[in-house]
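Undergrad: Task: produce atomic coordinates for the following.
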Amino acid sequence: MTIISASSFLPRRLVAAGAAVVVLLVAQDAQAQSRLDAQYTASLAGIPVGKGTWAIEIGDEQYGASAQGGTAGLLKSFSQGSGSGSVQGRVVNGVLVGQSYQASTTAGKKSEQIRINLQNGNVKDFAIEPAPPVDPDRIPVTDAHKRGVLDPMTASLVRVPGNGELLSPDSCRGAAPVFDGRMRYELKLDYKRMENVKADKGYRGPALVCAVYFTPVAGYIPDRPVVKYLAQARNMEIFFVPLAGTRILVPFRVVIPTSFGTAMLEATSFITQASPHVAKTQ
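TA: Numbers count the residues shown, from 1 in each chain. Here you go, the predicted model:
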């Protein structure tokens, strides 16, 4: 099981980069077997702060990703933020296995680019440009921390094995090790409830609501308030809905209570379809 990246939850990124938290999954070389076209809005305390789009295509043997988003609404008047990213990988026995991941963010005059290359879940190499300043308080990332991990984009989806009910409590239980180029952390899901959701266009129906818990492992500074807050938070939620023709669940809504109000990422358009030949994510 894979679960959504903690990078997507950080309030500073919601505010600084707006809808740059939105992930776009787009297959590059394989014939697409399942597809999602979606639009999302990001808000803080009910105020729109960002917009983005999400398009997923999964083939029999390969998948890929590219992402973009930016600030919107009132926030755009104070701070210009944008982000983009990409990932490519293989579909192995129904499991999405990332191979190369890239992401860039711009907030004001500051920009950052991250690159990660993986092989069978192990980080071959990675880079951050410009290189972040050395901080003696940062927990170092060791070679052991870079083995058996997921990149943030691949970790954005839940794959439900077997052939049972997709939207079941068991689908909401699991953990994932994630490396985003700077931090190594664990994400854990737990079942909370079922709810009905409705996009302005496209999907309307049941959603599996999962609690999500964040545990930093390495690459972070322990005294940072945002790290402390996320590690202690017990009220973050993700609403998952099915990707047509697969056993993959996609985030429809992400809710993060903060001291500034509730941060939310929510689909306004969510159109998913499968071709007659279903992708091998069964």
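Undergrad: got the residue ranges for the helices in the stretch 101-250 of the chain?
TA: With DSSP state H, counting those that start in this stretch applied, the stretch 101-250 of the chain shows helices at 225-232, listed in chain order.
Undergrad: Residue ranges in it under the pLDDT threshold?
TA: Per-residue confidence for the stretch 101-250 of the chain (pLDDT under 70) gives no ranges below the cut-off.
Undergrad: Who does the host helix or strand of residue 48 pair with, and is each partner parallel or antiparallel?
TA: Taking DSSP states H and E as the criterion, the element that holds residue 48 is strand 47-59. In the sheet, strand 47-59 lines up against strand 32-44 (antiparallel), strand 62-71 (antiparallel) (DSSP bridges).
Undergrad: so how far is residue 122 from the nearest residue to residue 96 once chain neighbours are set aside?
TA: The shortest distance from residue 96 to any residue that is not its chain neighbour, by C-beta to C-beta, 6 or more residues apart in numbering, is 5.2 Å, and that residue is residue 154. All C-beta spots, glycine's among them, are computed from the backbone N, C-alpha and C. As defined by C-beta to C-beta, to the nearest Å, residue 154 lies at a distance of 14 Å from residue 122.
Undergrad: neighbour-wise, which of these two wins?
TA: Under the criterion of other C-beta atoms under 10 Å, the comparison of residue 154 against residue 122 puts residue 154 first, with 26 against 13.
Undergrad: And that one, how close does it get to residue 68?
TA: According to C-beta to C-beta, residue 154 and residue 68 sit 18 Å apart.
Undergrad: Quick check on the residue located most distally from the centre of the chain: phi, psi?
TA: The outermost residue of the chain, judged by C-alpha distance from the chain's mean C-alpha position using C-alpha atoms, centre = their mean, is residue 136 at 29.0 Å. Residue 136 adopts backbone torsions of phi -60, psi -20, taken as degrees, to the nearest 10.
Undergrad: Please apply the same query to residue 153.
TA: Per-residue torsions, residue 153: phi -70, psi -50 (degrees, to the nearest 10).
Undergrad: Does it touch residue 98 like I think?
TA: Yes: the pair residue 153 / residue 98 is scored as a contact, 7.0 Å apart, by C-beta atoms under 8 Å.
Undergrad: These two: who's more crowded?
TA: A count of neighbours by other C-beta under 10 Å puts residue 153 above the other of residue 153 and residue 98, at 31 against 25.
Undergrad: show me the contacts for the residue nearest to that one when sequence neighbours are not counted.
TA: When the adjacent residues along the chain are set aside, residue 153 lies closest to residue 87, with 4.2 Å between them (C-beta to C-beta, 6+ apart). With C-beta atoms under 8 Å, 6 or more residues apart in numbering as the criterion, the residues that contact residue 87 are 25, 64-65, 98-102, 151, 153-154.
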